[in-house]
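Undergrad: sequence-free structure coming up:
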């Protein structure tokens, strides 16, 4: 791998493999020391109540969007897009106003009351620095999530992007260009919401136009 | 710099970072963690190390790597080399750190001061506690014979030492948890195949799963392999009165009427035989009693079975044909917990018989039995106690009990009755019959018959809460264990072990040390003249490659040799063949072929209550874990909307569930995920122990409601034979 190639991390999820065991959720809580009642990731169930009853369990987390509405909504530039694609939060700058929480179409953010900052998935950046995959990815019994560098054509995620039919979950009025992909056929595609903000702040017109 | 203490971590190869990668500390550390780490543990700042261990949050023993930072276990990750667990760690496995750093843990020996179960305790030193226990054991042994002391150890790598201790102390009244779980399944397959085979799910193309819930009640590798097999085109058919997550992910789900699985499989056998769909060559060569079976199943047509199971005849016939078409790469999943009906062994015999008709024995995708690795041991000739009675206290109460496992139900009855002889002492280790043994009031009654009860555990379980002396044990991350050999279907035969990841907290002591200290005081020191290190050396004496793998990989896997390995070998049965017809049963007054008896009809205004699992509860051992508690704060009663409406029961409102033996209050979950005649609740709530601070006062205890029936043949608890009423409060 060439040192100069910038990385862009992403995840491809095959929801048909998820058994809703919650391993990824507990792994994340331990790895990232998430306070009681808060979560950085989730498993969203879809119950088909027809005759041939079936269910799908769709895992998810921060989509590390390319045009993130949370970044556009931050009044103090505490949240920003890193060169490796991860949307990061600078805990020193964050004033815990919560604008980014409602601005996220995916409900991926929460206010960490213990640390007085906004918080969300960062693909376990500390693990990445140690050369380890995110906790949710590695612990999964059925390896529902595949993690990797979307800029590396040899990576498994790039190959999946090339070979498989994948879809993204987008909000009704904006496409923040998320970097989490799902296998086509996942039933849950319309759950993202339009970003909202308190009345005294706004996201620039440029954001809405760009997305 | 990260410091590695054990071998090479292949998980590090992911991005092939240089060793210069900085070890950064993660966020802010939880205060609880540091508060619980003793200062004398001599931690050095900014040290990060990884160490292998094996999970103990349930019985599966999945391989793990513990990440330790500054002397604190920060994260448990799956060990990718653990083929049994397919390199995964479930929610409970991840929550293991909170079992270690749990403020509710037992910290020092406690002696009961008030009434049993009152919760008044006096702190003792270990000297005082051990002297007291040894005195009681000596006194009871003298007065009531050594068999007057009962031992019960749960699934644990150190339980072998409890058994050894019981043997040299002189009691053969030793019971395990298994008679509340899977003994009837074992009995059935043993009495058919001569062994208990393991399902080769990963290679299967067609699985019928009766009653088992493999995507929630996780068994490694079966749970993971089932998904892999399905991704490769395996068809899964689930029979379950509940719409479990396994049912939800299956190709087909039938809400079978509880207690009628045998009717379904007798009909499947009838179709296979009458339509000549069975493996004729296999049956001719490898089974005995086929003609008897053919005659026996003739009346059991799909049309007949439809009336019993409430599954349409055309579906039963189709499912039988599909199963046969996929054979031998097809199976009836044998299941694990089979503590359900009085006919439980015979029900599982019907599963075993259909598998035999498919000819899937020793075949890819069928029922297999790879060779388990044989470890050595340290052996002693136990002393002989002349005054001991002739047999176990539960002898003769079931038709064919496993002596080495016993029966909790029958032993408890015997203790209460004082027949055939009195039992006055009880030692329990890491097992919680107050929560897992049906009819909790009877367990309490049993305990009140005792002179002395000592419990060794990590936390104040309901069983510990009733004991006279409570001794604190370390968690699996703090102790050295012997090695343990295991079989993981076609994934591997393996061996694993544990070394302390961190020193034991508080005054906790492993049960090996406890029984060794008791042995000293009882003049039995000569039988414990070894350390765990010595024991392990003896275990691995002839297996040098295992010791090496344990050091480098944290687990030893022997791969291959899973299929076709029994060709030409006789079965370990009387006829040397698979016994469709069991002649030994016939001689003992047991039906030699499974005869269907309809389950007792659910009385009017009653429900049948069934037992089950989800993926984040290990019976009663995990519900108080602060992380897993976040996934489930309390249990609730699943009840179908139709009867709920009739009874005026609303979702999330409190109801009373009552049987002939007990009752409980819990919230209703009004749902179509259970049949209108069946209710369900999770195990592990409604605790009486105030030492379980997260869940005390939450939900209801299913063991309090369940009546204690038993499987006639194996003495396994029969937990689906209870009818309850449900009323709003």
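TA: Received, thanks. What you see is a predicted model, and the numbers here were worked out from it, not measured in a lab.
Undergrad: for the residue most central in space within chain A, give me phi and psi.
TA: The residue lying closest to the centre of chain A (Cα atoms, centre = their mean) is residue A:62, at 1.8 Å. Main-chain torsions, residue A:62, degrees, to the nearest 10: phi -50, psi 130.
Undergrad: show the contacting residues for it.
TA: Contact analysis of residue A:62 by Cβ atoms under 8 Å, 6 or more residues apart in numbering or on different chains lists A:40, A:87, A:104, A:106, A:108-109, A:120-122. All C-beta atoms are positioned from the backbone trio N, CA, C, and that covers glycine.
Undergrad: isn't residue B:654 right next to residue B:700, touching?
TA: No: Residue B:654 is beyond contact range of residue B:700, at 10.0 Å (criterion: Cβ atoms under 8 Å).
Undergrad: overlap in contacts of those two?
TA: Residues within reach of residue B:654 and of residue B:700 at once, by Cβ under 8 Å, 6+ apart, are B:665-666.
Undergrad: is stretch B:622-632 in proximity to chain A?
TA: Yes: interface with chain A: stretch B:622-632 contributes B:626-628, B:630-631 (Cβ under 8 Å from any Cβ of the partner chain).
Undergrad: inside helices: which ones of the residues you listed?
TA: Counted as lying in helices by DSSP state H, out of the residues of stretch B:622-632 next to chain A, are B:626-628.
Undergrad: which among those gets closest to residue B:286?
TA: Ranked by distance to residue B:286 (Cβ to Cβ), these are led by residue B:628 at 45.3 Å.
Undergrad: the closest one and residue B:621 touch, don't they?
TA: No: Residue B:628 is beyond contact range of residue B:621, at 10.1 Å (criterion: Cβ under 8 Å).
Undergrad: residue numbers of the stretch 551-700 of chain B in contact with chain A?
TA: Residues of the stretch 551-700 of chain B lying near chain A (Cβ under 8 Å from any Cβ): B:615-616, B:626-628, B:630-631, B:672.
Undergrad: mind putting those in JSON lines, neighbour count and pLDDT included?
TA: Below are those laid out as JSON lines (neighbours: other Cβ atoms under 10 Å in any protein chain shown; pLDDT from 0 to 100):
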{"residue": "B:615", "neighbour count": "22", "pLDDT": "96"}
{"residue": "B:616", "neighbour count": "28", "pLDDT": "94"}
{"residue": "B:626", "neighbour count": "17", "pLDDT": "96"}
{"residue": "B:627", "neighbour count": "23", "pLDDT": "97"}
{"residue": "B:628", "neighbour count": "24", "pLDDT": "97"}
{"residue": "B:630", "neighbour count": "20", "pLDDT": "97"}
{"residue": "B:631", "neighbour count": "18", "pLDDT": "97"}
{"residue": "B:672", "neighbour count": "15", "pLDDT": "94"}
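Undergrad: quick check: closest non-adjacent residue to residue B:378.
TA: residue B:538 (4.8 Å; Cβ to Cβ, 6 or more residues apart in numbering or on different chains).
Undergrad: on that earlier part again, out of residue B:654 and residue B:700, which sits in the busier spot?
TA: residue B:700 (25 against 15; other Cβ atoms under 10 Å in any protein chain shown).
Undergrad: pretty sure that one sits against residue B:686.
TA: Yes: counting by Cβ under 8 Å, residue B:700 touches residue B:686, with 4.0 Å between them.
Undergrad: ok, which stretches of chain A are helices?
TA: A:23-32, A:69-73, A:99-103, A:125-129, A:135-139, A:156-163, A:205-210.
Undergrad: including mean neighbour count, could those go into CSV?
TA: Shown next, in CSV, are the helices of chain A (neighbours: other Cβ atoms under 10 Å in any protein chain shown):
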stretch, mean neighbour count
helix A:23-32, 26
helix A:69-73, 25
helix A:99-103, 23
helix A:125-129, 19
helix A:135-139, 26
helix A:156-163, 15
helix A:205-210, 12
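Undergrad: nearest to residue B:190, out of those helices?
TA: Using Cβ to Cβ, the nearest of the helices of chain A to residue B:190 is helix A:23-32, at 33.7 Å.
Undergrad: what about the closest one and chain B, any contact?
TA: Yes: for helix A:23-32, a contact with chain B is found by Cβ under 8 Å from any Cβ, at A:23, A:25-27, A:29-32.
Undergrad: residue B:707 against residue B:609, yeah?
TA: No: using Cβ under 8 Å, residue B:707 is not in contact with residue B:609, being 9.5 Å away.
Undergrad: neighbour-wise, which of those two wins?
TA: The neighbour count for residue B:707 versus residue B:609, taken as other Cβ under 10 Å, is higher for residue B:609 (25 against 19).
Undergrad: who touches that one in this structure?
TA: Taking Cβ under 8 Å, 6+ apart, we find residue B:609 in contact with B:657, B:659, B:678-681, B:702, B:705-706, B:720, B:722-724.
Undergrad: ok, and the closest non-adjacent residue to the one residue in the stretch 101-250 of chain B that gets nearest to chain A?
TA: Here the stretch 101-250 of chain B gets closest to chain A at one residue, residue B:248, 3.5 Å apart by Cβ to the nearest Cβ. Distances taken as Cβ to Cβ, 6+ apart place residue A:55 nearest to residue B:248, at 3.5 Å, with adjacent residues excluded.
Undergrad: quick check, pLDDT for the one you found.
TA: Residue A:55 carries a pLDDT value of 91.
Undergrad: next structured bit after the helix or strand of chain B with the lowest mean pLDDT?
TA: Lowest on mean pLDDT, DSSP states H and E among the helices and strands of chain B sits helix B:31-36, with a mean of 49. Next helix or strand after helix B:31-36 toward the C-terminus (DSSP states H and E): strand B:48-54.
Undergrad: and for residue 153, the neighbour number?
TA: The chain I'm using is chain A. For residue A:153, using other Cβ under 10 Å, the count is 11.
Undergrad: hmm, I had chain B in mind actually
TA: Residues lying near residue B:153 (other Cβ under 10 Å) number 24.
Undergrad: and the gap between it and residue B:267?
TA: Residue B:153 is 41 Å from residue B:267, where distance means Cβ to Cβ, to the nearest Å.
Undergrad: what's the answer for residue B:68, then?
TA: Distance from residue B:68 to residue B:267, by Cβ to Cβ: 56 Å.
Undergrad: the more surrounded of these two?
TA: residue B:267 (29 against 20).
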